[in-house]
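Enquirer: structure for this input, please:
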Amino acid sequence: MKTTAFAMTFLMALSAMAGSSSTRVPASVTKLTVQCTPPKGFAGLSATVSGELKLSAIPNGAAKATGKLQVSLNDPRNPWKGEKTVLGQYDDLTSVGSDRYFHGGATMKNDSDVLEIYVNYTRSDLSYVEYAGETYKMSCK
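Expert: Below you'll find the predicted structure:
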């Protein structure tokens, strides 16, 4: 599967899950800063993610998020660090009592080897990176 096909399928699935036609992310919001570090006092697998994503409106009222993020997987057995081009969705559901979050992914070794990134700005302790069956916890601002 080509990267573009994966990206479009991923984005369409995210849009369908949100399922609302009202705008939740104002047009004036055009960028998203990602700044995540390992949780304080956490001794397990953790991640560091940072960078800035470009936002553009999509029909479901959320925003398509694209750009490059610096990712570091803190795993004593298999550490990894690098820059990844990501595609995902940013949504702000705080007006209906839910969360403000980014959920996206990037390919790693090939098109079927995917790194998943979930950043929750409302409840930071829910943020994580998932790769190769492992979950890497992080705390995000």
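Enquirer: C-alpha only now, for contacts and for neighbours.
Expert: Noted.
Enquirer: ok, and the closest non-adjacent residue to Gln35?
Expert: The spatial neighbour of Gln35 that comes closest, neighbours along the chain excluded (Cα to Cα, 6 or more residues apart in numbering), is Ser50 at 4.6 Å.
Enquirer: please enumerate residues in contact with the helix or strand harbouring that neighbour?
Expert: Using DSSP states H and E, the secondary-structure element containing Ser50 is strand 46-57. The set of residues that contact strand 46-57 without belonging to it, under Cα atoms under 8 Å, 6 or more residues apart in numbering, is 25, 27, 29-39, 63-75, 90, 128-129, 135-138.
Enquirer: what comes up buried for stretch 85-101?
Expert: Of the residues in stretch 85-101, those scored as buried under the neighbour-count criterion (16 or more other Cα atoms under 10 Å) are Val86, Leu87, Gly88, Gln89, Tyr90, Asp91, Asp92, Leu93, Arg100, Tyr101.
Enquirer: want to throw those residues into CSV with distance to Thr122, secondary structure and pLDDT?
Expert: CSV is the format used below for the buried residues of stretch 85-101 (distance: Cα to Cα, whole Å; DSSP: H, G, I helix; E, B strand; the rest coil; pLDDT from 0 to 100):
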residue, distance to Thr122, secondary structure, pLDDT
Val86, 21, strand, 97
Leu87, 21, strand, 97
Gly88, 18, strand, 97
Gln89, 16, strand, 96
Tyr90, 13, strand, 95
Asp91, 11, strand, 94
Asp92, 9, strand, 90
Leu93, 10, coil, 90
Arg100, 6, strand, 93
Tyr101, 7, strand, 95
